[in-house]
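Colleague: Predicted model and sequence below, questions to follow.
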Amino acid sequence: MFEDEASFRQDSTLYRTWSRRGQTPLVPVTGARKSVKIFGCVEVYSGAFLYQDDEVFNASTYLSFLEEDFAPTYHRRGQRVMYIHDNASYHKDAQVTAWFEENRRWVEVYRLPPYSPELNAAEPLWHHTRVNGSHNTCFKNKEEILSSIGKVFRSIQEEPRQIMGYLRPFQ
């Protein structure tokens, strides 16, 4: 299980697109700098994807993700989960470390080397989500961002085989 976080911005992030020759596509901008923060984890063999949106990334919101989403979904008696995350400062927080210590009988935690996003299987999912849910789009508010990326996330959850190509190198 690989875990990571991503922010999706309200303002337009431009990406390649198609248009008629001589008709440059225009993407409106609002100048707004709001964003949606997402915690997510993906299981590399099945493509199972779990996410939670929040206002900020910190130890408290990370613990909320672990306790309210991750643990109820993946804690099974007699089974161990290999949980891999990066070196975000709140991953090293005393409360987070204590949570992993309390749950060590079913979750085995590993940290990726510093500054190595290419080793995190969740990273390609953020790219997939941006291409299919937020690039070349101007959102009026955070609810529109959540709606758009939520459609991509639900699609991944319903049809995990669409992301298996991204996960194959991590298996």
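Modeller: Cool, the structure landed.
Colleague: From the contact counts, what lies against the longest helix anywhere in the chain?
Modeller: Scanning the chain for the longest helix, with DSSP state H as the assignment, gives helix 142-158. Helices and strands touching helix 142-158, by 3 or more C-beta pairs under 8 Å, 6 or more residues apart in numbering; DSSP states H and E, are strand 2-9, strand 35-42, strand 49-54, helix 123-133. (Each C-beta comes from the backbone N, C-alpha and C, glycine too.)
Colleague: who touches the residue nearest in space to the middle of the chain in this structure?
Modeller: In the chain, the C-alpha nearest the mean C-alpha coordinate belongs to residue 40, at 3.7 Å (C-alpha atoms, centre = their mean). Taking C-beta atoms under 8 Å, 6 or more residues apart in numbering, we find residue 40 in contact with 3, 4, 5, 6, 49, 50, 51, 52, 122, 125, 126, 153.
Colleague: The fourth one reaches residue 38, doesn't it?
Modeller: So the one you mean is residue 6. Yes: using C-beta atoms under 8 Å, residue 6 is in contact with residue 38, at 5.2 Å.
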